[in-house]
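Chemist: just the structure for this:
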Amino acid sequence: MKKFAIPLENGRLCSHFGHCQQFAIIETMDGKITVQNLVTPPPHEPGLLPQWLSEHGVTHVIAGGIGQKAINLFNGQNIQVTVGAQPKQPAELVEDWLTNSLVSGANACDH
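Modeler: Predicted coordinates for the structure are as follows:
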């Protein structure tokens with residue numbers, strides 16, 4: 001099982017990870033989406049989200065832009081981070097990841 005967290009703004013991938021309105025938490029099994037939930041993160045505080053998402057069982061993060069310090073903190077929680085994803089619906093991003101067709105690129109965050 002893989003469990004993805006995708007930061008959202010107005011229902012689509014948020015370009016700034018730490019300031020999203022919600023997270024889509026999407027569970028997969030055998031290459032298929034099995035569960036989708038929306039959760040509201042706690043107020044933004046540097047370094048908080050990696051631990052919080054780890055407590056939710058997240059194994060993967062798909063982001064547009066995310067700071068290097070946050071990436072390092074996620075790696076410390078054994079959470080794989082993919083950056084530079086395009087602003088799509090969360091289920092579409094996970095489907096793309098599962099089929100190795102997720103387009104990722106430069107990290108949109110420079111701090």
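Chemist: how about S15: what's its closest non-neighbour residue?
Modeler: G64 (4.2 Å; Cβ to Cβ, 6 or more residues apart in numbering). For the C-beta atoms, the positions are set from N, CA and C on the backbone; glycine is no exception.
Chemist: what's the burial count for the one you found?
Modeler: A count of nearby residues for G64, using other Cβ atoms under 10 Å, gives 25.
Chemist: for L93, see how far away the residue in the chain sticking out farthest from the centre is.
Modeler: Distance from the C-alpha centroid of the chain peaks at D30, with 19.6 Å (Cα atoms, centre = their mean). In this view, D30 and L93 are 19 Å apart by Cβ to Cβ, to the nearest Å.
Chemist: over to L48?
Modeler: Relative to L93, and taking Cβ to Cβ, L48 is found at 23 Å.
Chemist: please give me every residue in contact with E95.
Modeler: Shown in contact with E95 (Cβ atoms under 8 Å, 6 or more residues apart in numbering): I33.
Chemist: confirm it sits in a helix?
Modeler: Yes - looking at E95 with DSSP: H, G, I helix; E, B strand; the rest coil, it is inside a helix.
Chemist: and it, what's its pLDDT?
Modeler: Note on E95: pLDDT of 97.
Chemist: residues contacting T28?
Modeler: Listed by Cβ under 8 Å, 6+ apart, the contact partners of T28 are M1, K2, K3, F4, T34, V94, L98.
Chemist: the fourth one is in contact with E92, isn't it?
Modeler: No - judged on Cβ atoms under 8 Å, F4 makes no contact with E92 at a distance of 11.8 Å.
Chemist: quick one on the thing from earlier: residue contacts, the residue nearest to S15?
Modeler: 7, 13-17, 83-87, 108-109.
Chemist: so it: helix, strand or coil?
Modeler: coil.
Chemist: look at it and report its pLDDT.
Modeler: 92.
Chemist: how about the one 4 residues further on?
Modeler: Q68 carries a pLDDT value of 89.
Chemist: and for N10?
Modeler: 91.
Chemist: tell me the phi and psi of it?
Modeler: Dihedral pair for N10: phi 50, psi 40, per degrees, to the nearest 10.
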